[in-house]
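**Student:** return a 3D structure for these sequence lines:
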Amino acid sequence: MSDPSTHRSTGRPVATADDAWKPWSQAWTKHIKTLTGRTDLHVLVAPGAGGGAPECFYPALRRVEVDATYIADNPAVADPRRVAHRRVVPTGYGLLVHGAAHAAHSHWTAPPGTPPILAHVADLLEESRAEGRQRQRRRTDRRWLRHTATALLDPGTAPVDDPWHAGTLAALLLARVDARIITSKDVRTVRAAVTDVLGRRRLTALREIWQQAHTVDDTDAHTMIDLARRWCQILGIDPDQQHTVPAADPGEFPGRLAQAITDYLATVDRLTPSQHAARILQHRHSPPNDWRRSDPTEQQRRAARDLAARITHARTRNPEPGAKSSLIPPGRLRTRHAITADAQTAQGQLPTAAPWQQRTQLPPPKPTLHLGILADLSGSMEPYADELSSAAWIFAHAARRSEAVTTTIGFGSHTSVLVAPGARPQQVLHMIADQATSTFPEAVKVADRLLDLRHGRTLRMLVVVSDGRLDDIPAGQKLITTLHRAGCTVLWLQPANLPSHTFTDATTLTVANPADAVTQIANAAIAALERT
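**Tutor:** Below is the predicted model of the structure:
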């Protein structure tokens with residue numbers, strides 16, 4: 001989520017006018033007089049506007065900026081001079097209304113010398129206060145303000161389950177219920193998650209603060225800062241000792257708060273949680289456009305078939321005594337199923353009930369293999385990039401032919417999902433290893449979200465191909481330990497010819513060349529299946 005403090009800025013804007021979006025800037029500059037009652041404002045609509053946020057109000061410049069990427073890909077999507085355009089781009093128009101709310105009602109600024117944490121909390125409280133005042137003055141604007149949630153909020157707003165981030169989520173969503181922007185039903189799951197982290201008593205105390213903030217005058221900075229101080233004290237933070245905003249531990253996995261946000265956003269967008277997750281995956285973790293694609297070779301196709309056969313064999317070897325249903329004898333007659341079969345026959349239907357139960361040798365029940373492969377895309381791992389790209393295609397197609405789920409993720413300066421679970425890529429996507437290693441914690445969290453590595457009864461395995469020289473080794477170690485304790489096997493493959501770092505709670509193997517790494521991954525997955 002964009003920092004609420006960036007929705008009002010005293011800095012200098014960096015965005016410049018865009019000719020394609022000029023009609024939108026002109027139309028909304030004319031319209032913002034109606035939204036705010038002010039005649040001295042102008043609006044800039046352009047890609048990248050907003051100073052890093054979806055929208056931003058610059059009080060000193062009397063300027064509202066809206067990032068055009070939140071409106072549409074093409075400015076021709078609607079005519080901004082016509083009222084009907086609001087229904088075509090409700091999120092973009094909602095951002096304009098949000099900026100107008102700040103322009104009309106956010107007339108205070110934090111006094112010089114205010115600790116950053118107090119200014120941040122005051123800005124959190126200002127979000128619902130300004131929108132509430134806008135709704136009181138123009139009730140029809142509530143409809144559009146509701147649409148801004150998808151642009152101003154994301155699961156990264158509460159990346160961990162701690163009091164600070166629970167309070168942040170409460171200020172941004174639950175406070176908007178009392179401001180009558182959204183309804184209590186909208187945030188039912190969010191309220192449950194926040195209550196679970198904070199407890200009812202602390203949440204009630206925070207609610208009293210934001211309700212009082214809603215009554216504060218538009219120019220009363222002193223009261224807003226006092227309320228921010230009380231907020232910090234309730235959360236156990238001394239703003240005189242801790243001046244900066246608490247940061248989430250990168251070594252912790254997202255929890256209930258992040259899931260509640262995902263559920264809320266999915267409902268707003270009228271999507272299932274899985275559909276919403278797929279949209280986020282496509283938006284944030286798509287591979288770079290300059291990565292080359294090629295058709296699979298016959299050798300790769302054969303490797304996929306062979307791996308699928310090995311997985312199937314590992315799941316079905318060593319048959320055990322069991323029972324199976326049968327339409328005909330011999331076996332034990334099951335009366336209820338026999339009656340059902342007779343009734344189906346009497347109605348002229350093809351019998352589907354199997355009256356007989358026979359003893360036989362059946363493959364033992366085995367859990368589904370969930371396998372995540374993380375590929376290091378730093379420059380030192382360049383020799384492994386092409387082999388792991390091939391492996392991504394091979395494992396994806398082998399998984400589709402057998403009961404397995406797999407994903408391959410590249411981490412470096414950006415986390416790229418080469419193959420999502422259940423996908424069957426038509427071509428091989430070739431990774432380029434020329435990045436850093438800063439996103440390893442994010443890559444582990446993405447793999448966990450896609451494969452549910454910390455939960456479930458599946459056979460879970462995470463394989464990392466890297467020399468282990470990461471930007472944040474402590475965070476990586478903490479994540480690996482968490483997976484290990486949750487029952488997920490972590491296999492770390494290190495190149496033999498590179499300086500490396502070894503992690504605890506992971507099985508470390510040294511590989512002599514890239515081809516050996518792919519073989520080791522396959523052998524480890526098969527061995528894990530055979531042991532279950």
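
**Student:** relative to its centre, which residue of the chain is most distant?
**Tutor:** residue 330 (53.9 Å; C-alpha atoms, centre = their mean).

**Student:** which residues touch that one?
**Tutor:** Residue 330 makes contact with 356, 358 under the criterion C-beta atoms under 8 Å, 6 or more residues apart in numbering. Placement of C-beta: from N, CA and C, glycine included.

**Student:** distance of it relative to residue 359?
**Tutor:** Residue 330 is 10 Å from residue 359, where distance means C-beta to C-beta, to the nearest Å.

**Student:** do the same with residue 231
**Tutor:** With distances taken as C-beta to C-beta, residue 231 is found 67 Å from residue 359.

**Student:** any low-confidence regions in the stretch 251-400 of the chain?
**Tutor:** Counting by pLDDT under 70, the stretch 251-400 of the chain contains low-confidence residues at 316-322, 324, 360-366.

**Student:** show me where it has strands.
**Tutor:** According to DSSP state E, counting those that start in this stretch, the stretch 251-400 of the chain carries its strands in the segments 293-294, 320-326, 332-333, 356-362, 369-376.

**Student:** any idea which of these is most buried?
**Tutor:** Highest mean neighbour count of the strands of the stretch 251-400 of the chain: strand 369-376, a mean of 26 (counted as mean count of other C-beta atoms under 10 Å).

**Student:** just how off-centre is that strand within its chain?
**Tutor:** 18 Å (C-alpha atoms, centre = their mean, to the nearest Å).

**Student:** quickly run through the sheet partners of that strand, with directions.
**Tutor:** strand 404-411 (parallel), strand 459-465 (parallel) (DSSP bridges).

**Student:** got TSV for those strands, with mean neighbour count and distance to residue 281 too?
**Tutor:** Formatted as TSV, the strands paired with strand 369-376 follow (neighbours: other C-beta atoms under 10 Å; distance: least, C-beta to C-beta, whole Å):
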stretch	mean neighbour count	distance to residue 281
strand 404-411	26	10
strand 459-465	25	18
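
**Student:** now do the helices in the stretch 51-200 of the chain.
**Tutor:** 85-88, 90-105, 116-137, 142-145, 149-152, 163-169, 175-178, 188-198, 200-213 (DSSP state H, counting those that start in this stretch).

**Student:** what's the most buried one of the ones you listed?
**Tutor:** Most buried among the helices of the stretch 51-200 of the chain, counting by mean count of other C-beta under 10 Å: helix 90-105, with a mean of 25.

**Student:** one step back: let's have the strands of the stretch 251-400 of the chain in a markdown table, adding distance to residue 264.
**Tutor:** Output for the strands of the stretch 251-400 of the chain, formatted as a markdown table (distance: least, C-beta to C-beta, whole Å):
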| stretch | distance to residue 264 |
| --- | --- |
| strand 293-294 | 36 |
| strand 320-326 | 44 |
| strand 332-333 | 51 |
| strand 356-362 | 44 |
| strand 369-376 | 27 |
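
**Student:** circling back: which of the helices of the stretch 51-200 of the chain has the lowest mean pLDDT?
**Tutor:** When the helices of the stretch 51-200 of the chain are compared by mean pLDDT, helix 149-152 comes last with a mean of 76.

**Student:** how far does it sit from its chain's centre?
**Tutor:** In terms of C-alpha atoms, centre = their mean, the centre of helix 149-152 is set 14 Å apart from its chain centre.

**Student:** packing partners of that helix?
**Tutor:** helix 90-105, helix 256-268 (3 or more C-beta pairs under 8 Å, 6 or more residues apart in numbering; DSSP states H and E).

**Student:** output the ones you listed in CSV; the columns should cover distance to residue 157.
**Tutor:** Shown next, in CSV, are those (distance: least, C-beta to C-beta, whole Å):
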stretch, distance to residue 157
helix 90-105, 16
helix 256-268, 6
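
**Student:** so which of the ones you listed is nearest residue 532?
**Tutor:** When the helices and strands packed on helix 149-152 are compared by C-beta to C-beta, helix 256-268 sits nearest residue 532, at 28.2 Å.

**Student:** list the buried ones in that closest one?
**Tutor:** If you call a residue buried by 16 or more other C-beta atoms under 10 Å, then helix 256-268 has these buried ones: 256-268.

**Student:** what's in contact with that helix?
**Tutor:** 146, 149-150, 153-161, 165-166, 169, 173, 186-187, 189-190, 192-194, 196-197, 272-273, 275-277.

**Student:** what angle separates that helix from helix 90-105?
**Tutor:** 110 degrees (axes from the mean of the first three to the mean of the last three C-alpha atoms, to 10 degrees).

**Student:** what's the angle from helix 256-268 to helix 188-198?
**Tutor:** For helix 256-268 against helix 188-198, the angle by the same axes, to 10 degrees is 170 degrees.

**Student:** and helix 256-268, how far from the chain's centre?
**Tutor:** Centroid separation for helix 256-268 versus its chain: 10 Å, with C-alpha atoms, centre = their mean.

**Student:** then it to CSV, C-alphas only?
**Tutor:** This file holds the C-alpha atoms of helix 256-268, laid out as CSV (Å, rounded to 0.1, in the frame of the first residue of the first chain):
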residue,chain,number,x,y,z
ARG,A,256,-4.0,-13.6,9.3
LEU,A,257,-4.0,-9.9,8.7
ALA,A,258,-2.6,-10.2,5.2
GLN,A,259,-5.1,-13.0,4.4
ALA,A,260,-8.0,-10.8,5.7
ILE,A,261,-6.9,-8.0,3.3
THR,A,262,-6.8,-10.4,0.4
ASP,A,263,-10.3,-11.7,1.2
TYR,A,264,-11.6,-8.1,1.5
LEU,A,265,-10.0,-7.0,-1.8
ALA,A,266,-11.2,-10.1,-3.6
THR,A,267,-14.8,-9.4,-2.4
VAL,A,268,-14.5,-5.8,-3.5
